[in-house]
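Visitor: with the input below, show me the fold.
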Amino acid sequence: VSTQSTGSSGINAEYGGTNFTMKIGFNYGPVTDGIIGQNKVLYDIWGDTVNLSSRMMSTGVVGRIQLPDSCVPYLIDHFKLPKRGKVRVKGKGEMITHFCVDRKSPEQIKTN
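Guide: Numbering: from 1, shown residues only. From the prediction side, this is the model:
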């Protein structure tokens with residue numbers, strides 16, 4: 001997981017001021033994977049986890065990492081995850097989503 005919402009600005013500076021932007025969708029869960037093709041062999045992954053990650057990207061905001069509410073318990077101890085709110089997601093309806101904006105400082109990380 002990238003930790004900066006403005007990560008593309010560093011790429012722009014490094015590569016001569018191009019206007020490179022990106023948005024990232026993130027999800028966590030099981031996937032099905034496999035090799036397809038006989039002449040041109042490709043590796044691919046499928047499943048609801050992949051589809052929802054794609055939807056997080058397509059409904060996301062340029063320069064941000066968007067993730068569904070279901071991922072928060074796995075990331076909240078180490079990342080700042082402000083709530084974006086409800087987003088209409090194709091095939092899922094309205095979902096609560098969050099942005100991953102930065103790593104938490106060592107002082108902010110919970111220890112068990």
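
Visitor: give the burial count for Lys23, as a bare number.
Guide: As a burial measure, Lys23 scores 17 neighbours (other C-beta atoms under 10 Å). Placement of C-beta: from N, CA and C, glycine included.

Visitor: try Thr21
Guide: The number of residues packed near Thr21 is 11, by other C-beta under 10 Å.

Visitor: from the centroid of this structure, which residue is nearest?
Guide: Central residue of the chain (C-alpha atoms, centre = their mean): Phe26, 2.5 Å from the mean position.

Visitor: scan this protein for its longest helix.
Guide: helix 48-58 (DSSP state H).

Visitor: pull it out as PDB, backbone CA atoms only.
Guide: These are the backbone C-alpha positions of helix 48-58, laid out as PDB (Å, rounded to 0.1, in the frame of the first residue of the first chain):
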ATOM      1  CA  ASP A  48     -15.100 -10.500  -6.000                       C
ATOM      2  CA  THR A  49     -12.000  -9.200  -4.200                       C
ATOM      3  CA  VAL A  50     -10.400  -8.200  -7.500                       C
ATOM      4  CA  ASN A  51     -13.700  -6.800  -8.900                       C
ATOM      5  CA  LEU A  52     -14.300  -4.600  -5.700                       C
ATOM      6  CA  SER A  53     -10.700  -3.400  -5.900                       C
ATOM      7  CA  SER A  54     -11.300  -2.300  -9.500                       C
ATOM      8  CA  ARG A  55     -14.500  -0.500  -8.400                       C
ATOM      9  CA  MET A  56     -12.600   1.300  -5.600                       C
ATOM     10  CA  MET A  57     -10.300   2.600  -8.300                       C
ATOM     11  CA  SER A  58     -13.000   3.600 -10.800                       C
END
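
Visitor: show me what the helix or strand following that helix is packed against.
Guide: Note on helix 48-58: by DSSP states H and E, the next helix or strand toward the C-terminus is strand 65-68. Counting contacts by 3 or more C-beta pairs under 8 Å, 6 or more residues apart in numbering; DSSP states H and E, strand 65-68 packs against strand 24-25, helix 48-58, strand 93-99.
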